[in-house]
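Chemist: Just to be clear, the model below is a prediction. Sequence and coordinates:
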Amino acid sequence: MTEKRTENQTERPHRPIVWGNAVFLIVTPIAAAVAVPWYVFTHGITWGEIAACVLMWLLTGLSITAGYHRLFSHRAYAAPAPVRAIFAIVGAAAYQNSVIAWSAAHRFHHRNVDTDDDPYNAQEGFFYSHMGWVMVEGSKHDDTSNVPDLWKDPILRWQHRHVIAIGTAVNLATTIAFGLLSGRMLGMFIIAFLLRMVLTQHFTFLINSAAHMWGSQPYSTAHSARDNWFLSFLSFGEGYHNYHHSFQADYRNGPRLYNWDPSKWLIWGMEKVGLASKLKRSPLDVTLGKLFEHARTTFEQRLASVGETVEDWQATTRDQTAAARESLREHVVAAEARCEEALAELKTARSNLQAKISEGAGVFRRSPLRRKLREATRSARRALDQWQELGAVYLESATRTTVPAG
């Protein structure tokens, strides 16, 4: 197994520079930073140019997130050949390599996260995980041995051989079409092509860099991935990255109804009209159970930080302050038991409903079980929230009453 880098591992392996990639990634943002202000100042900008930029950002961005990432890299759902072809062709216009190469790197990332065999290892720093890794030959450079399933798809083999030509053809065709329609050809090349391409690339890159550095880790600290709602607005829902690394086969990155995740809404909508199938969802009792176990581990670690072990925490203390804390402690323990019970009930409710579905029971016979599942879901969420709130109050009281050593 590849070991994580430690503080005293200062040497870096020699990585030859991929000059084509390096020049492209350095020149394009500089060109956009110069050309866009110049164009706006000298020619102005119209809503047509803005609309074309946004439309192409939506099409290429969603082809990366819903296509390259969730369909091809993780097989989170299935799609017919026309849909796969559209994602492959339009996604090529983002200039983020072929589906096969992109997915291979991403699968290595999940398998070896935060190690030297992680192609965009966040432990190497922001710049490296953001775009530096594309400029050099890393340990998994051009290694596509982990995507045999994708090599079997003739659409993806064709796209892999001609990805630059396909992406250029799509970009030129759409940009020229927008330019002819609007009479603003130069503006379309600068705004709808150059600016949009740079933004799409770097919004994607932020998930490799920023989403491994800033945000919350409600499901796991075994990896550096973090949930960051702001990044989700820039990346069509990819910012719920701690959840994604914990449940990578799920077609949703934002599992809650209110989570901003346009990619999951697109996939869900495609299923409703027969353009997607076999959508994978992590069962709610599993995801809530993961939340609970991680929160309990964190709680025990914080207990230790205020001078209590789990065994000490359950012992009876004598003074008045400790007696008040003991009362609160009992509430926390009771809430923890309620949480475990609610999660068990949720798992049972889900199993009962799945059994009825497998039996081919009609909607009418399944309705009571669906109601029970909804009730169990609400109960589990409520129990988990109460346990976390009481635990936080207890830790706050313990911190106030802890006397610093010395």
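Modeler: Now that the structure is in, tell me what you want to look at.
Chemist: those helices in the stretch 51-200 of the chain, which residues are they?
Modeler: All helices of the stretch 51-200 of the chain, identified by DSSP state H, counting those that start in this stretch, fall at 81-92, 99-111, 126-130, 148-151, 154-182, 185-187, 196-208.
Chemist: mind checking which of these is nearest residue 52?
Modeler: Taking CB to CB, helix 154-182 is the member of the helices of the stretch 51-200 of the chain nearest to residue 52, at 4.4 Å. Where C-beta positions appear, they are placed from N, C-alpha and C, glycine not excepted.
Chemist: Check which residues of that closest one are buried.
Modeler: Residues 155-156, 159-160, 163, 166-167, 170-171, 174-175, 178-179, 182 are the ones in helix 154-182 that count as buried (16 or more other CB atoms under 10 Å).
Chemist: Would you mind giving these as JSON lines with distance to residue 16 and pLDDT added?
Modeler: Below are those laid out as JSON lines (distance: CB to CB, whole Å; pLDDT from 0 to 100):
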{"residue": "155", "distance to residue 16": "32", "pLDDT": "98"}
{"residue": "156", "distance to residue 16": "27", "pLDDT": "98"}
{"residue": "159", "distance to residue 16": "26", "pLDDT": "98"}
{"residue": "160", "distance to residue 16": "22", "pLDDT": "98"}
{"residue": "163", "distance to residue 16": "22", "pLDDT": "98"}
{"residue": "166", "distance to residue 16": "27", "pLDDT": "98"}
{"residue": "167", "distance to residue 16": "25", "pLDDT": "98"}
{"residue": "170", "distance to residue 16": "31", "pLDDT": "98"}
{"residue": "171", "distance to residue 16": "29", "pLDDT": "98"}
{"residue": "174", "distance to residue 16": "35", "pLDDT": "97"}
{"residue": "175", "distance to residue 16": "34", "pLDDT": "98"}
{"residue": "178", "distance to residue 16": "39", "pLDDT": "97"}
{"residue": "179", "distance to residue 16": "39", "pLDDT": "97"}
{"residue": "182", "distance to residue 16": "44", "pLDDT": "95"}
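Chemist: now, among these, which is nearest to residue 293?
Modeler: Nearest to residue 293 among those is residue 156, at 37.7 Å by CB to CB.
Chemist: on that earlier part again, compare the helices of the stretch 51-200 of the chain and report which one is nearest to residue 249.
Modeler: Taking the helices of the stretch 51-200 of the chain one by one with CB to CB, helix 99-111 is closest: 10.2 Å.
Chemist: which secondary structure elements does the closest one contact?
Modeler: Judged by 3 or more CB pairs under 8 Å, 6 or more residues apart in numbering; DSSP states H and E, helix 99-111 is in contact with helix 81-92, helix 148-151, helix 154-182.
Chemist: Let's see it as PDB, backbone CA atoms only.
Modeler: C-alpha atoms of helix 99-111 as PDB (Å, rounded to 0.1, in the frame of the first residue of the first chain):
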ATOM      1  CA  VAL A  99     -13.200  10.400 -21.200                       C
ATOM      2  CA  ILE A 100     -10.800   7.500 -20.900                       C
ATOM      3  CA  ALA A 101      -7.800   9.500 -19.700                       C
ATOM      4  CA  TRP A 102     -10.000  11.700 -17.400                       C
ATOM      5  CA  SER A 103     -11.700   8.700 -15.800                       C
ATOM      6  CA  ALA A 104      -8.500   6.800 -15.300                       C
ATOM      7  CA  ALA A 105      -6.900   9.600 -13.400                       C
ATOM      8  CA  HIS A 106     -10.000  10.100 -11.300                       C
ATOM      9  CA  ARG A 107     -10.200   6.400 -10.400                       C
ATOM     10  CA  PHE A 108      -6.600   6.500  -9.300                       C
ATOM     11  CA  HIS A 109      -7.400   9.600  -7.300                       C
ATOM     12  CA  HIS A 110     -10.100   7.800  -5.400                       C
ATOM     13  CA  ARG A 111      -8.100   4.600  -4.900                       C
END
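Chemist: oh, and call the first residue 16 from now on, that's how I've got it
Modeler: Done: numbering now begins at 16, and the last item shifts to helix 114-126.
Chemist: can you tell me the average pLDDT over that helix?
Modeler: Averaging pLDDT along helix 114-126 gives 97.
Chemist: Which of the helices of the stretch 66-215 of the chain sits closest to residue 386?
Modeler: Comparing those against residue 386 with CB to CB, the closest turns out to be helix 96-107 (34.7 Å).
Chemist: and the angle for the closest one with helix 169-197?
Modeler: For helix 96-107 against helix 169-197, the angle by axes from the mean of the first three to the mean of the last three CA atoms, to 10 degrees is 60 degrees.
Chemist: before we move on, the earlier item: which one of the helices and strands packed on helix 114-126 lies nearest to residue 36?
Modeler: When those are compared by CB to CB, helix 169-197 sits nearest residue 36, at 11.8 Å.
Chemist: how far out from the middle of the chain is the closest one?
Modeler: Averaging C-alpha positions (CA atoms, centre = their mean, to the nearest Å) puts helix 169-197 27 Å from its chain's average.
Chemist: Between helix 114-126 and it, find me the angle.
Modeler: Counting by the same axes, to 10 degrees, helix 169-197 points 110 degrees away from the direction of helix 114-126.
Chemist: name the helices or strands packed onto helix 169-197?
Modeler: helix 62-77, helix 96-107, helix 114-126, helix 200-202.
Chemist: Next up, the contacts around the closest residue to residue 160 other than its chain neighbours.
Modeler: Among residues not flanking residue 160 along the chain, residue 119 sits closest, at 7.7 Å (CB to CB, 6 or more residues apart in numbering). Contact partners of residue 119, counting by CB atoms under 8 Å, 6 or more residues apart in numbering, are 155, 158, 159, 160, 161, 162.
Chemist: Next one: the fifth one from residue 305, what distance?
Modeler: The reference is to residue 161. Distance, residue 161 to residue 305, using CB to CB, to the nearest Å: 25 Å.
Chemist: Also residue 236?
Modeler: Separation of residue 236 from residue 305 (CB to CB): 12 Å.
Chemist: These two - which one has more neighbours?
Modeler: Applying other CB atoms under 10 Å to residue 236 and residue 305 shows that residue 305 carries more neighbours, namely 17 against 14.
Chemist: Now name the helix or strand holding that one.
Modeler: helix 299-320 (DSSP states H and E).
Chemist: show me the contacts for residue 123.
Modeler: Counting by CB under 8 Å, 6+ apart, residue 123 has contacts 132, 133, 134, 155, 158, 161.
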